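Enquirer: kindly return the folded structure for what I paste below:
(2 chains)
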Amino acid sequence: MFLLGKGGVGRSTLAAALGVLAARSGRRAIVVEVSGRGDVPRLFGVQARGGVETELQPGLWTLDVDPRQALEEYLRDQLPLRVLADLIGSSATFGIVAAATPGLREMLTIGKIWELSQPRRRLRGSDPYDVVIVDAPATGHGLALLDAPATFASAAAVGPIARQGGRIAATLRDRKLTALAAVATPERAAVDELIGLRRSLGGSLDAELANGLATVRFGADDGAALREAQTRPALEPTTRSALATAIAADARVRAQRAQLDRLQDPLELPLLAARELGIRELELLADGLALAA
Amino acid sequence: MSSQRAPLGGRLCICVGAGGVGKTTVAAAIACLRAAGGERVAVVTIDPAPRLAQALGLDELSGEPRRVAGAGELWAMRLDPKRTLDELIASLAPNDQARERALSNRIYRELSSAVAGSQEFSAVAKLYELDRSGAFDAIVLDTPPSRNALDFLDAPARLTHFFEGRALRVMLAQGGFATRAASRASAPFLGVLGRLTGAGVLREITAFFTAIAGMIDALAERAAAVAALLREESTSFVLVSSPRREAVEEAIAFAGELRHAQLRLSALVVNRVHPLDALAADPAALEALLGPRLAALVAAQCGELVALAEADTAALDRLREAFAALEPMAIPDLGDEIEDLGGLARIGRYLERSTNGTSPSAAQ
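Expert: Predicted structure coming up:
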């Protein structure tokens, strides 16, 4: 499952919550990041090194895919000479080769993700996963990631890379095997991007998630009543401030409604007031996702 | 304040921090504040939000400083990393032909996305250029968002290293002269590379090194000069954060890296703090005004804001603990996007107040 969407909409958090949900149902799940930021392990208070599959809680794993390391792994599997694999994988060489080969990074990243989902793992001693949840990079790069195998397969035409590209592309196209979901916060720019994604992916997504929704408290007529109250004479400053807070919140919720209406059957998830998101909040979000789904 | 100088002073003021904390806005506000103090200031931003760009008169991509109307001697420019790098390469090329060959090379054109740090390098290279031009009393730089400070600090060295690409060059040279004994080692290397990435790539790589060959020394020299500039006495770093947990942890990690690199951190700005004040509305007064149902809803709404404010207070305490010598300068959450000079001036006032040692909530 790929989780797409604009930067800053909470993709990592929701990917982690989906992971919790999958693990709850007894499936072996992995949440994959491609950012090199390690946001997912941090949510669980776990230390994880980039490129290493790390267990977050029973049945739930995480991996931050590093394309350079994925290349090294692939080469070690394919080549008898470890020195060569190391040389090609060295960062300066890799930087130049990757620059010379548009899409190589994406191809290596998606190749690694695909490898995780296979019943027989390339990495010796690794178990397969039932569910792979990908915290995809922000919109444009996320699409590039999904397109890479097909592009690569057609560009390379023959050889092992083309064959593998073709197989990965087929897996990604199969909507029974691969689900494409997108996240947006109820703001115009984020929803615009989600709609753009939906269009580029053939008109529909498998799920649209609306994250960070403010609580709806006030009814249709309350806004007017609050504004009217503001005009009364001799209000305490604290009362005035409370009214302003309420009016601002009401306006925010109305704007939010307008954006939600642009999404297709969105799964609605609340804004978590806690600044310190941790396992408890993830459990709450997982509950929310289970309910919404 | 631990620093003897003004925390937001210095001839070069470099704003660093994670993405999404409002770094660009803070950089612009610092520049406004200093221009208001009578200095001739250039603010160099990377990717301003559309309305902030408009406020600074930067609607169009502009590689040259432009005077901002109505803000004293404030000049703004939007950094175009690609163009800055092109200009640099052009200036280092020994002749026109070499310049054209380098600029049109596909690897070179892919550079900005391929090599971590080339944006950062462009940013500091521009800073160096502006500094040497002597046209400004102060330059405020908004840096590209990066995961760690080292991305930014290492950029000069990393880019030079990339251009040098020694190992690969040796291999390619050997591949070109297959008679050499050592080519036994490089032949499979080139074979794998070719098989992996398709034909044409090897040709591109060779062309790249040929094109860039005459410029490596000059580039390394420039990189060293830029690195030295970052360590000058008159250069100060302003770390921008928000009270969000990840941002706080990143800020702490960032500061460690700056310290490690012996760079001077002179201020810590915490943006979008929910103020704790003025929320203790009297429930009876609210109820008299609005009736019990609506009053309860308003109280609940305020309670939510208080929860946010309390979490922010905890975040500030965490920062105080980590930055014993540096009091965080808190800027309240102003709700909307900053979209004009008035908004920047408001942020500037909060910065000024924190510089004078008053906390923003007390100053409100």
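Enquirer: which residues does the helix or strand hosting residue B:121 contact?
Expert: Here residue B:121, judged by DSSP states H and E, is contained in helix B:118-133. If you take CB atoms under 8 Å, 6 or more residues apart in numbering or on different chains as the criterion, helix B:118-133 is touched by B:11-12, B:14, B:42, B:44, B:46, B:65, B:79, B:81-82, B:84-85, B:88, B:111-112, B:136, B:139, B:141, B:143-144, B:146, B:151-152, B:155-156, B:158-159, B:222-223, B:225-226, B:229-230. Backbone N, C-alpha and C define where each C-beta goes, glycine included.
Enquirer: of those, buried ones?
Expert: Buried residues within these, counting neighbours by 16 or more other CB atoms under 10 Å in any protein chain shown: B:12, B:14, B:42, B:44, B:46, B:65, B:79, B:81-82, B:84-85, B:88, B:111, B:136, B:139, B:141, B:143-144, B:146, B:151-152, B:155-156, B:158-159, B:222-223, B:226, B:229-230.
Enquirer: narrow those residues to those in helices?
Expert: Residues of those located in helices (DSSP state H): B:81-82, B:84-85, B:88, B:111, B:151-152, B:155-156, B:158-159, B:222-223, B:226, B:229-230.
Enquirer: got any ranges where the stretch 101-250 of chain B has weak pLDDT?
Expert: Residue ranges of the stretch 101-250 of chain B with pLDDT under 70: B:110-117, B:145-152, B:165-202.
Enquirer: how many neighbours does residue A:256 have?
Expert: Neighbours of residue A:256 under the rule other CB atoms under 10 Å in any protein chain shown: 20.
Enquirer: ok, for it, nearest residue in space, not its chain neighbours?
Expert: Nearest-residue entry for residue A:256: residue A:186, 3.9 Å, with adjacent residues in sequence omitted and distances by CB to CB, 6 or more residues apart in numbering or on different chains.
Enquirer: which residues in the stretch 101-250 of chain B form strands?
Expert: Using DSSP state E, counting those that start in this stretch, the strands of the stretch 101-250 of chain B run over B:138-142, B:235-241.
Enquirer: check contacts around residue B:294.
Expert: Counting by CB under 8 Å, 6+ apart, residue B:294 has contacts A:218, A:222, A:225-226.
Enquirer: same deal with residue A:56?
Expert: Contacts of residue A:56 by CB under 8 Å, 6+ apart are A:19, A:31, A:40-41, A:44, A:46, A:62.
Enquirer: who's in contact with residue A:65?
Expert: Contacts for residue A:65 (CB under 8 Å, 6+ apart) come out as A:32-34, A:51, A:109, A:112-113.
Enquirer: farthest pair within these?
Expert: Using CB to CB, the contacts of residue A:65 span at most 13.0 Å, a distance reached by A:51 and A:113.
Enquirer: of the two, who's got more company?
Expert: The neighbour comparison of residue A:51 against residue A:113 (other CB under 10 Å) goes to residue A:113, with 23 against 17.
Enquirer: go ahead and confirm that one touches residue A:136.
Expert: No. Judged on CB atoms under 8 Å, residue A:113 makes no contact with residue A:136 at a distance of 9.5 Å.
Enquirer: quick one on the thing from earlier: what residues sit buried inside the helix holding residue B:121?
Expert: B:118-128, B:130-131.
Enquirer: which of the residues you listed sits closest to chain A?
Expert: residue B:118 (10.0 Å; CB to the nearest CB).
Enquirer: surely residue A:32 is within a strand?
Expert: Yes. Residue A:32: assigned to a strand according to DSSP: H, G, I helix; E, B strand; the rest coil.
Enquirer: quick one: contacts for it?
Expert: Contact analysis of residue A:32 by CB under 8 Å, 6+ apart lists A:62-65, A:113, A:116, A:132-135.
Enquirer: tabulate the residues you listed (CSV), appending pLDDT.
Expert: Formatted as CSV, the contacts of residue A:32 follow (pLDDT from 0 to 100):
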residue, pLDDT
A:62, 96
A:63, 95
A:64, 94
A:65, 93
A:113, 94
A:116, 93
A:132, 95
A:133, 95
A:134, 95
A:135, 94
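Enquirer: which among those residues gets closest to chain B?
Expert: Of all the contacts of residue A:32, residue A:64 has the smallest distance to chain B: 11.2 Å, by CB to the nearest CB.
Enquirer: does the closest one touch residue A:50 like I think?
Expert: Yes. Between residue A:64 and residue A:50 a contact is recorded at 4.5 Å, counting by CB under 8 Å.
Enquirer: who's more crowded, the two?
Expert: More neighbours surround residue A:64 than the other of residue A:64 and residue A:50, with 24 against 15 (other CB under 10 Å).
Enquirer: list the residues that contact the more buried one.
Expert: Taking CB under 8 Å, 6+ apart as the contact definition, residue A:64 lies against A:32-38, A:40, A:48, A:50-51.
Enquirer: so which of those residues is the most crowded?
Expert: That'd be residue A:40 among these, by other CB under 10 Å, with 29 neighbours.
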